[in-house]
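Asker: After the sequence you'll find the predicted model.
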Amino acid sequence: MYLSHQAKAMLILSKIPALLKKGTQGKETTLEDQHFLLGYRWNMLLSYNTGVRKYIKFAEATQRTPFRLPLSERDVYAFCYWAGRNTDSPTGHNITANTLVKYLLGLQAWHLLHEAKYPDTKQKVGILIKSSAQADANLPANPKKKVAGLQDVLGMVDYLMKGAGEEKAMMDLTIVAFWGMARLSELTSKKKTGTLNKATATLTTDVSFYQAKGVECVALAIRGAKTSAPGEIQRIYSRSLRNMLCPVLAIRRRLAKAKGEETSLFGYYSPADGTRIHVTKEAYRRVLKTITQVDPAIGLTGHSFRVGGASLRFALGVSTLEICELGRWTSDCYKLYIREYTPQELAAATATMAQLDSCWST
């Protein structure tokens, strides 16, 4: 069986090493294995790999190593008790019941990959998960993900616009992520240099401009998104603004800097040798931690800009239906992220937008 170069590029096997092992010992990953893995979204494979790593950590802690698949019923039950929260003896390695469910799905996919029979544990595991969920309910709720406001975006832009090629690419990425409610993984590249996989990367050729009610808009084709089905193309939509935070202008700047090449949309050419450098999620996160114009106490992450864009729209009266469509939320999970503005915060955001528009027009 022949696996195309593009298909291989979708799988970065070095990032899912635990999933590729048939227990604690390594196993050669065949082309058929890779073809099987391509049936899953990349983010799902990463989640499954994390679940398998958690199990291996459990096995090491309970003297179950070395081992080979399949796991026994007793192994799965003991893992659920060890990993899930319980009221009698909480530990530092406990996870929520919801996370435990995801990890168990990872163990099942692990068995499927290696053609090992997963034990019939559904009934008892269901009860163990319910017990852990009750223990979770007695703990304080996790805080919502941090939200980036207009002032945070302005702080990022003020800092990044003074930098070189990398910083300017990140500046435009920030603007597009905020207004397009995009995940950082959807706009960044998986590797810093080299040829990118067209099936997963966001390239300069994925951009299309159009007019809507006399306003210039832009659409970015996104492949391999977190909520997409295999092969599905989603789109990030943004409309032009009359100020320095215009996402359409940000994308036009990126296209101009790409010099007509089909390459990463968010990247730059090295001034030393002209090599194309792609902005990665890791590089963006490192820079985010160093920006003094953004209050470090806020604890912003790349996801903060997606949530921030949604929260501002909600505060301005945009319907949740439209927010979900534009943000590509497929369930009510958006409720976990959107932060309601106080009247004072809404007034400040509105005034900031008006001031930005005024500065641009003059």
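Answerer: That came in fine, so what should we check first?
Asker: hey, C-alpha coordinates of the helix or strand where residue 47 lies in PDB?
Answerer: Counting by DSSP states H and E, the element that carries residue 47 is helix 42-61. Provided in PDB are the C-alpha atoms of helix 42-61 (Å, rounded to 0.1, in the frame of the first residue of the first chain):
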ATOM      1  CA  TRP A  42      -5.100  15.200  14.700                       C
ATOM      2  CA  ASN A  43      -6.200  16.800  18.000                       C
ATOM      3  CA  MET A  44      -8.100  13.600  18.800                       C
ATOM      4  CA  LEU A  45      -4.900  11.600  18.300                       C
ATOM      5  CA  LEU A  46      -3.000  13.900  20.600                       C
ATOM      6  CA  SER A  47      -5.700  13.500  23.200                       C
ATOM      7  CA  TYR A  48      -5.600   9.700  22.900                       C
ATOM      8  CA  ASN A  49      -1.800   9.700  23.200                       C
ATOM      9  CA  THR A  50      -2.200  11.700  26.500                       C
ATOM     10  CA  GLY A  51      -4.600   9.100  27.800                       C
ATOM     11  CA  VAL A  52      -2.200   6.300  27.000                       C
ATOM     12  CA  ARG A  53       0.600   8.200  28.600                       C
ATOM     13  CA  LYS A  54      -1.600   8.500  31.700                       C
ATOM     14  CA  TYR A  55      -2.200   4.800  31.700                       C
ATOM     15  CA  ILE A  56       1.500   4.000  31.400                       C
ATOM     16  CA  LYS A  57       2.200   6.400  34.300                       C
ATOM     17  CA  PHE A  58      -0.400   4.400  36.300                       C
ATOM     18  CA  ALA A  59       1.200   1.100  35.300                       C
ATOM     19  CA  GLU A  60       4.600   2.300  36.500                       C
ATOM     20  CA  ALA A  61       3.200   3.600  39.800                       C
END
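Asker: Okay, buried residues for it please.
Answerer: Neighbour-count burial for helix 42-61 flags 42, 44-56, 58-59 (criterion: 16 or more other CB atoms under 10 Å). C-beta: built from backbone N, CA, C; applies to glycine.
Asker: Kindly report the same for stretch 58-76.
Answerer: 58, 59, 64, 67, 69, 70, 71, 75, 76.
Asker: Contacts only, for the last one.
Answerer: It refers to residue 76. Residue 76 makes contact with 104, 107, 119, 121, 125, according to CB atoms under 8 Å, 6 or more residues apart in numbering.
Asker: Could you count how many residues lie near residue 152?
Answerer: By other CB atoms under 10 Å, the residues close to residue 152 number 22.
Asker: secondary structure class for it?
Answerer: helix (DSSP: H, G, I helix; E, B strand; the rest coil).
Asker: hmm, back to that, name the residues that touch the helix holding residue 47?
Answerer: 10-11, 15-19, 21, 24, 37, 40, 64-65, 67, 71, 75, 78-79, 82-83, 93, 95, 102-107, 109-110, 185, 200, 224, 226.
Asker: make it 6 Å
Answerer: Helix 42-61 has contacts (CB atoms under 6 Å, 6 or more residues apart in numbering) with 16, 18-19, 65, 79, 82, 102-103, 106, 109-110, 224, 226.
Asker: Just the buried ones from those, in ChimeraX syntax?
Answerer: One line in ChimeraX is enough to select the buried members of those, burial here meaning 16+ other CB under 10 Å:
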select :16,18,19,79,82,103,106,109,110,224
